[in-house]
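*Asks:* Build me a model from this:
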Amino acid sequence: MKLLIDIGNTNISAGLADKKKIIKKFYFDPGIIGRSVRKIDGAVIVSVNPSGLKKVLKVLRRLNISNIKIVGRNIKVPIRSLYDGEQIGQDRLVTAYAGARIYGTPAVIIDFGTAVTFDAISKDGVYLGGLIFPGIKMSLESLHDRTALLPEIELKKTAGFIGKNTYISISNGIVYGYAALCEGLIRKFRNVLGHVKVVVTGGNAELIKKHAKISGKIDKNLCLKGLLMLSSVK
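*Replies:* Residues are numbered from 1 along each chain as shown. Model (predicted):
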């Protein structure tokens, strides 16, 4: 099996996969990996968090896992890119590569992570670039941290549209606000690229897409699927 690891700014997602599919997905846990270590013949890692990568590599070495490939360091995503190579987050290239191969092109990949990213792939499979703005958790934390009276809340299902108290007003503002943002930006992408396919991934993908009037696929394992594809790249 291959060990697949996506190291973000907030969470570290991992998966165990055979040659064709992901068998188990979990948040990075040395215990789970240790129980399967005899079956693991290599790892593929993508990281946007240097300190997180250092900690993960320390665990893998302690478990004697070898044949470790790190995207951007000793394995390259085989996609042509028009973005400045010194700046692009490797996770964005991985999801763009996976989205294009699985769902076709032209495409826009929306990833609801610590930051929200929109990434565009041309009809010819070229990574064009995209957009970055604050993620949902970051926005909620900012509302609480930068105001005197607004409470810190956990995002929940909406209750109607117009909020009847502060908690629901914040929750609805985030959910409907990000949904409307998605609708508007997809229209702009389609004005430029034509009828793009839309793939939504990340922790809040289902919640936001439920309220956004956009046709598209939800694939919360898109990055791990991309890492599995890259495990066979020489």
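*Asks:* Just the mean pLDDT for the host helix or strand of Gly15, thanks.
*Replies:* Applying DSSP states H and E as the criterion places Gly15 in strand 12-17. The average pLDDT for strand 12-17 rounds to 97.
*Asks:* Buried ones in the next helix or strand after it, by neighbour count?
*Replies:* Using DSSP H and E, the helix or strand that follows strand 12-17 towards the C-terminus is strand 22-27. By 16 or more other Cβ atoms under 10 Å, the buried positions in strand 22-27 come out as Ile22. C-beta coordinates here come from the backbone N, C-alpha and C atoms, glycine included.
*Asks:* Now do the same for strand 22-27: mean pLDDT, whole number.
*Replies:* For strand 22-27, the per-residue pLDDT averages 95.
*Asks:* Residues in contact with the helix or strand following it: which ones?
*Replies:* Once the chain leaves strand 22-27, the next helix or strand it forms, by DSSP H and E, is helix 30-35. Defining contact as Cβ atoms under 8 Å, 6 or more residues apart in numbering, one finds that helix 30-35 is touched by Leu3, Ala14, Lys24, Phe26, Ile40, Val59, Leu60, Arg62, Leu63, Ile65.
*Asks:* Which residues are in contact with the fourth one?
*Replies:* With contact taken as Cβ under 8 Å, 6+ apart, Phe26 is in contact with Ser13, Ala14, Gly15, Ile32.
*Asks:* Show me the two of these that sit farthest apart.
*Replies:* Across these, the longest distance by Cβ to Cβ is 12.3 Å; it joins Ser13 and Ile32.
*Asks:* Run through the helices of the chain in chain order.
*Replies:* For the chain, the helices defined by DSSP state H cover 30-35, 50-62, 90-103, 136-145, 166-193, 205-211, 222-230.
*Asks:* so what does the longest one touch, helix or strand wise?
*Replies:* By that I understand helix 166-193. Applying 3 or more Cβ pairs under 8 Å, 6 or more residues apart in numbering; DSSP states H and E, we find helix 166-193 packed against strand 107-112, strand 115-121, helix 136-145, helix 205-211.
*Asks:* so that helix versus strand 115-121, what angle?
*Replies:* 20 degrees (axes from the mean of the first three to the mean of the last three Cα atoms, to 10 degrees).
*Asks:* Averaged pLDDT, helix 166-193. What do you get?
*Replies:* 93.
*Asks:* do the same with the third one
*Replies:* Mean per-residue pLDDT for helix 90-103: 97.
*Asks:* Who has more neighbours out of Ser13 and Ile32?
*Replies:* Ser13 (20 against 15; other Cβ atoms under 10 Å).
*Asks:* was I right about the more buried one contacting Ile22?
*Replies:* No - judged on Cβ atoms under 8 Å, Ser13 makes no contact with Ile22 at a distance of 10.7 Å.
*Asks:* anything in contact with each of these two?
*Replies:* Counting by Cβ under 8 Å, 6+ apart, the residues touching both Ser13 and Ile22 are Leu224.
*Asks:* burial of Leu193, as a residue count?
*Replies:* 17.
*Asks:* excluding its backbone neighbours, what's nearest it?
*Replies:* Spatial nearest neighbour of Leu193, chain neighbours left out: Pro106 (4.7 Å); criterion: Cβ to Cβ, 6 or more residues apart in numbering.
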